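J.: Sequence plus the predicted model coming up.
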Amino acid sequence: MKLEEYVLISAPNEAGRSFLKALLMRGIPVVGLANTIEQLEYMRELGLVYTIMVMQGDEHKCVLPPVPIGKVYLFEQSLPALCQYLLVCRVWTSKSIFIIKSVADRISNAPSIYRQLGANHVLLSTGNDMNFLLGSELREDPASIRLAH
C-alpha cells in the first residue's frame with residue numbers, strides 16, 4: 001500500500017497564501033513550512049494539521065517531516081530563507097521543488113543558486129495568481145526557469 005504524499009509549501013507572501021488556500025479548497029493534503037511564529041499560526045488558522053518550523057541553523061540538523069512529502073512549493077521570502085528551506089527539504093522528496101519569486105525582486109544569480117541546492121523549477125512571477133500550478137505539470141527539466149503572469 002502506497003502512502004499518500006503531501007504537498008509541502010512555504011507561504012510567506014500573498015501569492016503563497018493564495019496558492020495554499022487553493023490547495024486546501026481542492027482537498028490536496030498539505031504540510032506547511034514556516035520560519036516565523038506568525039507564518040506558523042496563519043497556517044494553523046487555515047486548518048493545516050501538519051506544519052514544520054525551520055529555524056536558523058536547522059539546515060544542519062536532521063529535521064524529519066511528519067508525513068511523506070511529494071512536490072514542494074517555496075514562495076519567495078528572502079534568498080537566505082529559500083536556501084535554508086532547500087537544504088532542509090531536498091532530502092525529503094524525489095519529486096519536483098518549485099521556487100516562486102517575484103520578477104520585481106529578481107536577483108540575477110538566484111536561479112542558479114536554487115538549482116545548485118536542489119530546486120527543479122524557478123518561476124519568476126508578475127502576479128499573485130498561482131492557480132496554474134494546480135492543473136499543469138511543468139517539464140521535469142532541472143534547469144527550467146519560467147515567467148508566470
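T.: Nice, thanks for sending it over.

J.: Only C-alpha atoms from now on, for both contacts and neighbour counts.
T.: Noted.

J.: can you give me the helices in the chain?
T.: With helices called from DSSP state H, the chain shows them at 14-25, 37-45, 79-89, 110-116, 132-135.

J.: Tabulate the ones you listed in CSV, adding columns for distance to Ile69 and mean pLDDT.
T.: Below are the helices of the chain laid out as CSV (distance: least, Cα to Cα, whole Å; pLDDT from 0 to 100):
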stretch, distance to Ile69, mean pLDDT
helix 14-25, 15, 90
helix 37-45, 17, 94
helix 79-89, 9, 90
helix 110-116, 19, 84
helix 132-135, 16, 60
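
J.: Dump those helices into a markdown table; add distance to Val7 and mean neighbour count as well.
T.: Output for the helices of the chain, formatted as a markdown table (distance: least, Cα to Cα, whole Å; neighbours: other Cα atoms under 10 Å):
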| stretch | distance to Val7 | mean neighbour count |
| --- | --- | --- |
| helix 14-25 | 9 | 18 |
| helix 37-45 | 14 | 15 |
| helix 79-89 | 12 | 18 |
| helix 110-116 | 19 | 17 |
| helix 132-135 | 11 | 11 |
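
J.: Which of the ones you listed sits closest to Ile100?
T.: helix 14-25 (8.5 Å; Cα to Cα).

J.: looking at the protein, which helix or strand does the model trust least?
T.: When each helix and strand of the chain is scored by mean pLDDT, DSSP states H and E, strand 144-148 comes last, with a mean of 44.

J.: follow-up on the earlier one: distance to Lys61 for the helices of the chain - can I get that in a markdown table?
T.: As requested, those are exported to a markdown table (distance: least, Cα to Cα, whole Å):
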| stretch | distance to Lys61 |
| --- | --- |
| helix 14-25 | 26 |
| helix 37-45 | 20 |
| helix 79-89 | 8 |
| helix 110-116 | 20 |
| helix 132-135 | 31 |
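
J.: Which one, of these, ends up nearest to Val54?
T.: Nearest of the helices of the chain (Cα to Cα): helix 79-89, 7.6 Å.

J.: residues near Leu46, how many?
T.: Using other Cα atoms under 10 Å, Leu46 has 12 neighbouring residues.

J.: need the contact list for Ile97.
T.: Lys71, Val72, Tyr73, Leu74, Arg90, Gly118, Ala119, Asn120, His121 (Cα atoms under 8 Å, 6 or more residues apart in numbering).
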